[in-house]
Every structure is written in C-alpha cells, then in structure tokens.
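Participant: Fold the following and give me the result.
(one chain, ligands or ions: 1)
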Amino acid sequence: MSPQILDNALGAVGHTPLIRLDKVAKRNGLKCNLLGKVEYLSAGGSVKDRIAKAMVEAAEKEGKLIPGKSVVIEPTSGNTGIGLAMACAIKGYSVIITLPNKMSLEKEAALRALGAEVVRTPTEAAWDSPESHIGVAQKLQKAIPNGIILDQYKNINNPLAHEYTTGPEIIEAVVSTPSTSSKPSSGKVDVLVAGAGTGGTVTGISRAIKKTHNKDCIVVGVDPKGSILAYPSELNNADEGTQYVVEGIGYDFIPAVLSRDPADIDTWIKTSDDEAFAAVQVIMREEGLLVGGSSGSALSGALKWLASDAGRKVAETEGTNVVVLLPDGIRNYMSKPWFLKIAMEAEPTPLAGVIAQVLQKK
Ligand code: PMP
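Facilitator: Numbering: from 1, shown residues only. Okay, the predicted model is just below:
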C-alpha cells in the first residue's frame, strides 16, 4: 500500500509485515526460511483486529447495528474485545466485554481506555455454564435493550477475515519476494503454523493458502497442554486437566469456526507454558520482536514440528518457507509474572559487569 491519509484507525488494521526469523532458524539448525507474521503491528495490537472490523462491518451491512443505540456484547480472551472496542469507539456503539479472570490487567485497561465496560468471569467456569464469559454475555444480551453478540465462536466473518486478509497478505509477501542465492525461496508458502483459540485464524489462513496458492501446504495447529482443540482428540489425553497461563489459545469446547477437516489443518502440536515463554524470550532477544505469550506457543510448536519425523525434511530443505503466525504483542502482558521473569531476571549482559566497574570508580 502506498502511503496515504487513512479515514480512521480501522484503515490501519492488518497489513502486517512478514519478517525473517533468521537467528532463531540458525540457532535451531534449520535450513528452511522461518518467517514470522507479526500481528502486534496492527492498529489494536493483535490478529483479532481483523475479525472485529469484519464482524462489525458485516453486521452494519445487515442493518443489525444502530449508532448511539446498539450495545455490542462479546465474550473474549481480550484481543477480540480490544478490536471491537476500537471499532465501536470510532463508529459510536457501546461495548461490554466479558473476560475470564485469568486474562491480563493490561487487556482490561486497554478495553476501558477504549470506552468499553468489562465484566470479569471465573476462569474455571465451564464454557456452557451461566457463570462463564460466554454465559454472562448471553445473560447481559437478553437483559439489555439493543444488546447484540457478534459471536466470534460462530460468526463466519471470523475465519473469512483471515481468508480474505491475513492469508492473502502472507501469500503476497512470499510470492513477491524473489529467490536469491543468499536467501533462496521456493516461491510458495510450504508450511503454516498457528495457534488456535476460536480457530478462526488457522482455519481462514489455511483455506486462503490451500484454495488459491498451494494445496499441498502443510498447516500445523498449535494447542496448549490442558486444552482440547487438537485433533485427533487422543493428543489431548496426556495433559487433561493441566492449567495453562498462556492467553488467547486453547479451549474446553470446539468452536464452530474451527475446522475439524484434516484437509484444512493437517496436524496438531501441543505446547507447554514453559516452552512458550522460553520462545518469547528468544524472539525478543534474537529478533527484537516484542511478541506476546501465544506467539511463543506458535514458535515453539513450529520448532517441535520441524524437529519431528514429519517436519525434518522441510527443516533440512533450503528455500522452504515456514510461516509462523505471531498473534499479539507484549503490551498485553507487561505485568504478568512470566514476562517480568524473562525481562527482569534474565541473565545479565556482559555490559552489566562493565557498568558496575565504572560506577564503582566514581
Ligand atoms: N493468540 C492470542 C493472543 C489471541 O488473543 C487469540 C484469539 N483468541 C489467538 C492467539 C487465537 O486466535 P483464534 O481465535 O483466531 O484462534
């Protein structure tokens, strides 16, 4: 896109860069290209801006939203809420977000700053109980005049936003970057790795790639240990009941927008919090990218798959393009203990000793 004046912040949703993770690839002995789709550079700070914008615009087209009257109510792990609150601030709709307690204070603060009301719900409530973020949203919607739930778990505009924007952006970046002797490229997206919450991201991008670009692309879904989204479901048995801190991915039910067709999502990898947060530290230190926790899950899932029997050939082939979706940024998690640990308790750099010496000499 050539630079131009945008009408409002919704014009700065998406259009995110695909960035080489060369140092991470090298440290893991990979010959393939490891490429990060960096979604925190979207206006609201996450991949979910795209679906918020798409769901609001579709509801407007259908005449379901009335400025000054409609109250958009949505259960979310936060990022869809931030996208909705941004869109609704611009367009003049009120917003209520129901948010499980485990989600960060930073998300609640961003939501409130954008003018949304936030209702916290117990993290442990089962998705179909009246106390869950979904149950509370439904209760509010029944009671509030002009309340509307756009429902990211069922709304077709969730996967479609990724089929129409995220996927094509990835394809265009790969296709339009020429292969060179120092940076060879197959010219296609060979592997896509993405975590799943609602599953809209991985489902929609997969459809874009497989329908329009490379039907043989291998799509790897990433699911945290303790969640039940991975398929076949036996993959989830070993870690049943595990609690996970990472936000935005994993669920205790299968959302309608998550494709169960193995033709869309070829394989699944389970990841732990420790693996995710270690990967976040590496992406920050080696690549300078301030990503959030689920980006670490996606990267660690990608590295695990590349080290597996199924992925080894891809890992060892020069020019093969492995795209990892990095959904949000560290802005959402600055006060979380896992982040403070990797930031504040990290190994001191060699300069720490020099600084101590200089300051002592004073
Ligand atoms: N990571 C983060 C931080 C998220 O907020 C979400 C959205 N829940 C995801 C990953 C997963 O995206 P999706 O809902 O499209 O599966």
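Participant: quick one, what contacts residue 281?
Facilitator: Taking C-beta atoms under 8 Å, 6 or more residues apart in numbering, we find residue 281 in contact with 296, 342, 346. Yep, even glycine has a C-beta here, placed from its N, CA and C like the rest.
Participant: Figure out the helix or strand that the spatially closest residue to the last one that is not a sequence neighbour lives in.
Facilitator: So the one you mean is residue 346. Excluding its sequence neighbours, the residue lying closest to residue 346 (C-beta to C-beta, 6 or more residues apart in numbering) is residue 281, at 7.0 Å. For residue 281, the host element (DSSP states H and E) is helix 273-287.
Participant: quick one: the helix or strand that that helix is followed by near the ligand?
Facilitator: The helix or strand immediately downstream of helix 273-287 is helix 293-307, counting by DSSP H and E. Yes: residues of helix 293-307 contacting the ligand under C-beta under 6 Å from any ligand atom: residue 294.
Participant: Using CSV, write down the CA coordinates of helix 293-307.
Facilitator: Provided in CSV are the C-alpha atoms of helix 293-307 (Å, rounded to 0.1, in the frame of the first residue of the first chain):
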residue,chain,number,x,y,z
GLY,A,293,2.8,-15.4,25.0
SER,A,294,0.8,-17.2,22.3
SER,A,295,3.5,-16.1,19.8
GLY,A,296,5.9,-18.2,21.9
SER,A,297,3.5,-21.1,21.7
ALA,A,298,3.3,-20.8,17.9
LEU,A,299,7.1,-20.6,17.5
SER,A,300,7.8,-23.5,19.9
GLY,A,301,5.1,-25.5,18.2
ALA,A,302,6.8,-24.8,14.8
LEU,A,303,10.2,-25.8,16.1
LYS,A,304,8.8,-29.0,17.6
TRP,A,305,7.1,-29.9,14.3
LEU,A,306,10.3,-29.1,12.3
ALA,A,307,12.3,-31.4,14.7
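Participant: For that helix, buried residues please.
Facilitator: Neighbour counts using 16 or more other C-beta atoms under 10 Å place 293-306 of helix 293-307 among the buried residues.
Participant: Stretch 276-289 too?
Facilitator: For stretch 276-289, the neighbour count (16+ other C-beta under 10 Å) marks 276-277, 279-284, 287, 289 as buried.
Participant: swap in stretch 261-271?
Facilitator: Of all the residues in stretch 261-271, those buried under the rule 16+ other C-beta under 10 Å are 264-271.
Participant: Touching it from outside, list them.
Facilitator: When contacts are defined by C-beta under 8 Å, 6+ apart, stretch 261-271 is touched by residues 193, 202-203, 206-207, 210, 218-225, 229-231, 235-236, 238-239, 259, 297, 300-301, 304-305, 310.
Participant: same check, this time on stretch 246-254
Facilitator: Contacts with stretch 246-254, where a contact means C-beta under 8 Å, 6+ apart, come from 77-79, 102-104, 107, 126-128, 195-199, 222-224, 226-229, 244, 260, 273, 276-277, 292-294, 296-297, 327-328, 332-333.
Participant: Out of those, which end up buried?
Facilitator: Neighbour-count burial (16+ other C-beta under 10 Å) is assigned, among these, to 77-79, 102-104, 107, 195-199, 222-224, 226-229, 244, 273, 276-277, 292-294, 296-297, 327-328, 332-333.
Participant: Which ones among the residues you listed map onto strands?
Facilitator: 195, 222-224 (DSSP state E).
Participant: just curious, which of these is nearest to the ligand?
Facilitator: residue 195 (4.8 Å; C-beta to the nearest ligand atom).
Participant: right, and that closest one touches residue 326 too?
Facilitator: No: using C-beta atoms under 8 Å as the test, residue 195 is too far from residue 326 to be in contact (9.6 Å).
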